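Novice: Give me a model of this one.
(chains A and B)
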Amino acid sequence: MTEPRLVEVRQKVLKQNDLLARSLRDRFRAAGVYVVSLVSSPGSGKTTFLRQTLMELKSGRRVAAIVGDLATDNDAARLARAGVPIRQITTGTVCHLDATMVERALDSWALNELDYLFIENVGNLVCPSSYDLGEDLRLVLMSVTEGEDKPLKYPTIFNTADVAVITKMDLAGPAEFDLVAARYNIQSVRPGMRIFEVSAKTGSGMSEWFQFLQAALAIAVSQ
Amino acid sequence: MHELSIANSIVEIATAAAKRQQAAHVNTVYLRLGPLSGVVSDALRFSYEIVCEGTPLAGSNLVIEELPVVVHCAACEAQRTVDSIQYLRCPMCGAPTPEVVQGRELEVTALEIV
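Specialist: I've put the predicted structure just below:
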């Protein structure tokens, strides 16, 4: 009978995903495409926000999107109306996208023919936080109807994101949304986070977001 | 709940390491877990038991070392432990502390094997 023994391992559990995400990031950088991922809870207005963004950018830039969904292709169909290339990832029962799924969706896409690639994650504020997709920018969206304490309930996803977007601002009044408290809560879980307050429906606040994207691409391609 | 796929990865890592050591069974897996990893320890323990079945890890223990969040306070020029991931600010001076030094860990550190 052999004695039990202790061996050191020291391995990150998500090492495979992290390595693949790094190689995707290198690929994106080499192709000169700026990659933005979007995370939010279901129903926060992610798809409408993304559609408006695609519509705006497509006049001067080459844009495309990958959309993750559990079961349907409804979001992809809605986005396709923007008239840009859309690819769908159906995750089945999986509650998040990972780097492997993104790599598979890219397949033979000519990335060097794109300026922006958007990746819409599955509607979920928990699971996507653990998985690097190789994106340049991770956006977390929350709508005014979800309540201003959302960042405190889901601090990890807000902390791992780069930019926050408060959506459906046209409903802020009826929803009695406390914008000051929302901003305070976001800053509490992610100090210094850039926040956009938008209504994709009326267009308010969207121009600041578009300017931010233009500047981000300019910086990324100059590096 | 992505803890099931996380648990699967842990079992894969441990199985491969045990094979390298020519061990027949894994008794214990030691894991370091930060609160900003996005993984919930209770859900992970539950998933772990399920995915261990039928592997060299069947019946093994998962020992989770839950790490506190450590931030760098630029105002104090010091590392500080924060009590809650909801309030990333220096517990001494109150300055916001965006720089997280520790808290994202999700790492297998060691195995007990036979």
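Novice: What does the residue most central in space within chain A show for phi and psi?
Specialist: For chain A, the residue sitting closest to the mean C-alpha position, by C-alpha atoms, centre = their mean, is A:Leu38 at 1.7 Å. Torsion angles at A:Leu38 (phi, psi; degrees, to the nearest 10) stand at phi -120, psi 130.
Novice: One more: B:Ser9?
Specialist: Per-residue torsions, B:Ser9: phi -60, psi -40 (degrees, to the nearest 10).
Novice: Then A:Asp98?
Specialist: Main-chain dihedrals, A:Asp98, degrees, to the nearest 10: phi -130, psi 180.
Novice: so it touches A:Leu133, yeah?
Specialist: Yes: A:Asp98 is in contact with A:Leu133 according to C-beta atoms under 8 Å; the separation is 7.4 Å. Bear in mind the C-beta positions are built from the backbone N, C-alpha and C, glycine included.
Novice: So for the two, which sits in the more crowded spot?
Specialist: A:Leu133 (26 against 23; other C-beta atoms under 10 Å in any protein chain shown).
Novice: for the record, mean pLDDT for the strand or helix carrying A:Ser23?
Specialist: Element membership of A:Ser23, judged by DSSP states H and E, is helix A:15-31. Helix A:15-31 comes out with an average pLDDT of 96.
Novice: list the buried ones in it?
Specialist: Residues of helix A:15-31 classed as buried: A:Asn17, A:Leu20, A:Ala21, A:Leu24, A:Arg25, A:Arg27, A:Phe28, A:Arg29, A:Ala31 (neighbour count, 16 or more other C-beta atoms under 10 Å in any protein chain shown).
Novice: So which residues of the chain form strands?
Specialist: Picking chain A for this. A:5-12, A:34-40, A:63-69, A:86-90, A:116-120, A:137-143, A:163-167, A:194-197 (DSSP state E).
Novice: let's do chain B instead
Specialist: B:26-33, B:61-66, B:69-73, B:78-82, B:100-102, B:106-113.
Novice: Strand partners (parallel or antiparallel) of the first one?
Specialist: Neighbouring strands of strand B:26-33 in its sheet, by DSSP bridges, are strand B:61-66 (parallel), strand B:106-113 (antiparallel).
Novice: got it, and the shortest one?
Specialist: The partner list of strand B:100-102 in its sheet, established with DSSP bridges, is strand B:69-73 (antiparallel).
Novice: what comes into contact with the partner strand?
Specialist: Here strand B:69-73 makes contact (C-beta atoms under 8 Å, 6 or more residues apart in numbering or on different chains) with B:34-36, B:78-82, B:85, B:88, B:90, B:92-93, B:95, B:97-103.
Novice: picking up where we left off before, quick one: residues contacting the residue nearest to the centre of chain A.
Specialist: A:Lys46, A:Phe49, A:Leu50, A:Phe118, A:Ile119, A:Glu120, A:Asn121, A:Arg138, A:Leu139, A:Leu141.
Novice: one more time with 6 Å
Specialist: Listed by C-beta atoms under 6 Å, 6 or more residues apart in numbering or on different chains, the contact partners of A:Leu38 are A:Lys46, A:Glu120, A:Leu139.
Novice: Just give me the closest of the residues you listed to chain B.
Specialist: Using C-beta to the nearest C-beta, A:Leu139 comes nearest to chain B of the contacts of A:Leu38, at 16.7 Å.
Novice: and the closest one, what is it in contact with?
Specialist: By C-beta under 6 Å, 6+ apart, the neighbours of A:Leu139 are A:Leu38, A:Val163, A:Val165.
Novice: what's the neighbour count on A:Val48?
Specialist: One thing to correct before we go on: residue A:48 is Thr, not Val. Neighbours around A:Thr48, by other C-beta under 10 Å: 16.
Novice: isn't it right up against A:Ala200?
Specialist: Yes: counting by C-beta atoms under 6 Å, A:Thr48 sits close enough to A:Ala200 to count as a contact (4.6 Å).
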